[in-house]
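Undergrad: predicted model, plus sequence, below.
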Amino acid sequence: MVVTGGAGFLGSWLCRELLERGQRVLSVDDHSTGRSQNLAELADHPRFRARPGDVCEGVDVDEPVAAIYHLASPASPPAYQRLAVETLRVGSLGTFAALELARATGARFVLASTSEVYGDPLQHPQTESYWGNVNPVGPRSMYDEAKRFAEAVTATYRRVHAVNAGIVRIFNTYGPRMDPRDGRVVPTFIGQALRGEPMTVAGDGSQTRSLCHARDTVRALAEMGASDHPGPVNVGNPCEVSVRDLATEIACLVGVEPDVHFVDLPVDDPRVRCPDVALAARVLGWQPQTTRADGLRETIEWYRAEGFG
Ligand code: NAD
Ligand code: UDP
């Protein structure tokens, strides 16, 4: 199994999931947003290897490959805006390179796409048949359009080159090992609550997200790797929450009074987001199992233990 982006938050969860399933795993990562600590405890695992490298330069593996999970890409809004050109490159050239490896080896290919392909959605909840409402030139476009292009390349390689490729659209995922400084809402709010700082709620906080624990998300990715389904398949937890209520929940779980500081809503910030996961249930036999309260409690404990407070 090859995992591009294996040193990242989700990649490191996926490497562990695949190892637990008895697989041999190679991670390829350029460490642009990933952290080597994410894989530190796997360093001596007999079925695991990590290789530094930029996927855009090509991925050569001189042994049989059963599946490729293409996760390499900056994923948090501050990271993909800072690494804007790199994000476009890895979504395009990186996806071509990973698909070429699948073509050469006959491996199953799974693209980690995103709910961002729906943009600021006009359909709610989002089903896979919805084509989205994306600003192609806005401040999120380097990520949204790179992923939309990656989906198009993946679907085309399946059609033209008969690569056994499938697309998963991942909705907001959180959990231990998520970079505490990457700016996404869960690590930001937890860090602020643990430090006793005001929680920076964007806009009036009425925009919604639906948060899935990483353990659930990577189980779906592994199931997608084991299936022949082309997707796209939504993967996420349909339990929706407003950002303002999320701040209150996290403050309560940390054990502090909610202290909210309202900041500007980023341009093109989606107003709502919630997956319809009926397809994942039907074709992958998958549904999320971790409740938000349990998942947030576990994540808060991890940040506390790591001293990120
Ligand atoms: P992350 O930033 O923690 O991980 C991404 C990894 O990709 C990092 O380790 C980074 O160093 C690596 N990478 C980036 N460019 C690379 C390149 N050119 N070559 C090799 N490695 C490269 O982010 P994450 O949250 O773990 O996201 C992983 C994937 O899942 C991304 O493709 C992201 O778009 C997708 N996704 C994540 C979420 C989520 O909520 N976490 C939601 C939707 C989609
Ligand atoms: N958000 C917030 N405060 C923060 C970080 C994010 O209110 O400090 C909001 C953000 O504007 C968005 C939601 O939380 O409405 C989720 O943001 P995130 O960056 O986690 O992911 P997105 O779903 O926007 O890609």
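TA: Arrived safely, thanks for sending. Everything quoted here is computed from the prediction, not taken from an experiment. Ligands and ions are numbered 1, 2, ... in the order given.

Undergrad: what comes up buried for whatever helix or strand Ala102 lives in?
TA: Using DSSP states H and E, Ala102 falls within helix 95-105. Within helix 95-105, the residues scored as buried using 16 or more other C-beta atoms under 10 Å are Thr95, Phe96, Ala97, Ala98, Leu99, Glu100, Leu101, Ala102, Arg103, Thr105. C-beta: built from backbone N, CA, C; applies to glycine.

Undergrad: same check on stretch 244-259?
TA: Arg244, Leu246, Ala247, Thr248, Glu249, Ile250, Ala251, Leu253, Val254, Val256, Pro258.

Undergrad: which other helices and strands contact whatever helix or strand the first one lives in?
TA: For Arg244, the element it lies in under DSSP H and E is helix 243-254. Of the remaining helices and strands, those touching helix 243-254 by 3 or more C-beta pairs under 8 Å, 6 or more residues apart in numbering; DSSP states H and E are helix 185-195, strand 199-202, strand 208-210, helix 292-305.

Undergrad: contact residues of the chain facing ligand 2?
TA: Counting by C-beta under 6 Å from any ligand atom, the positions of the chain adjacent to ligand 2 are 76-77, 172, 184-185, 188, 200-202, 207, 209, 243, 266, 269.

Undergrad: among the residues you listed, the buried ones, what's the ChimeraX command?
TA: In ChimeraX, a selection of the buried entries from the residues of the chain next to ligand 2 looks like this (16+ other C-beta under 10 Å):
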select :76,77,172,184,185,188,200,201,207,209,243
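
Undergrad: need the residues of the chain next to ligand 2 in CSV (columns: pLDDT).
TA: Formatted as CSV, these follow (pLDDT from 0 to 100):
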residue, pLDDT
Ser76, 97
Pro77, 96
Asn172, 98
Arg184, 97
Val185, 98
Thr188, 97
Thr200, 98
Val201, 98
Ala202, 98
Gln207, 98
Arg209, 98
Val243, 98
Pro266, 97
Asp269, 97
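
Undergrad: pick the one among the residues of the chain next to ligand 2 closest to Leu284.
TA: Asn172 (19.0 Å; C-beta to C-beta).

Undergrad: what bridges to the residue in the stretch 201-309 of the chain that ligand 2 sits nearest to?
TA: Nearest residue of the stretch 201-309 of the chain to ligand 2: Ala202, at 3.4 Å (C-beta to the nearest ligand atom). For Ala202, the beta-bridge partners under DSSP bridges are Val263.

Undergrad: now it: how far from Ala79?
TA: 17 Å (C-beta to C-beta, to the nearest Å).

Undergrad: before we move on, what about Ala293?
TA: With C-beta to C-beta as the criterion, Ala293 and Ala79 are 28 Å apart.

Undergrad: out of the two, which sits in the more crowded spot?
TA: Ala79 (21 against 11; other C-beta atoms under 10 Å).

Undergrad: so the more buried one sits in a helix?
TA: Yes: counting by DSSP: H, G, I helix; E, B strand; the rest coil, Ala79 falls inside a helix.

Undergrad: contact partners for it?
TA: Thr33, Asp182, Gly183 (C-beta atoms under 8 Å, 6 or more residues apart in numbering).

Undergrad: pLDDT wise, what is the first one at?
TA: In the prediction, the pLDDT value recorded for Thr33 is 97.

Undergrad: that one: how many residues sit nearby?
TA: 23.

Undergrad: one more: the last one?
TA: By other C-beta under 10 Å, the residues close to Gly183 number 15.

Undergrad: what about it, which SS state?
TA: coil.

Undergrad: name the SS class of Pro136, please.
TA: coil.

Undergrad: what's the helix or strand for the nearest residue to it once chain neighbours are set aside?
TA: Once flanking residues are discounted, Pro136 sits nearest to Glu145: 5.7 Å by C-beta to C-beta, 6 or more residues apart in numbering. Per DSSP H and E, Glu145 falls inside helix 141-161.

Undergrad: next, the angle helix 95-105 makes with that helix.
TA: Angle, helix 141-161 to helix 95-105, by axes from the mean of the first three to the mean of the last three C-alpha atoms, to 10 degrees: 20 degrees.

Undergrad: tell me which residues of helix 141-161 are tucked away?
TA: Buried residues in helix 141-161 (16+ other C-beta under 10 Å): 141-148, 150-151, 153-155, 157-158.

Undergrad: which one among these gets closest to Asp60?
TA: Tyr157 (18.0 Å).

Undergrad: pLDDT at the closest one, what is it?
TA: Tyr157 is assigned 98 on the pLDDT scale.

Undergrad: follow-up on the earlier one: could I get the pLDDT score of the residue nearest to Pro136?
TA: 98.

Undergrad: mind checking how far it is from Glu116?
TA: Taking C-beta to C-beta, one finds Glu145 at 9 Å from Glu116.

Undergrad: overlap in contacts of the two?
TA: By C-beta under 8 Å, 6+ apart, the residues touching both Glu145 and Glu116 are Val134.
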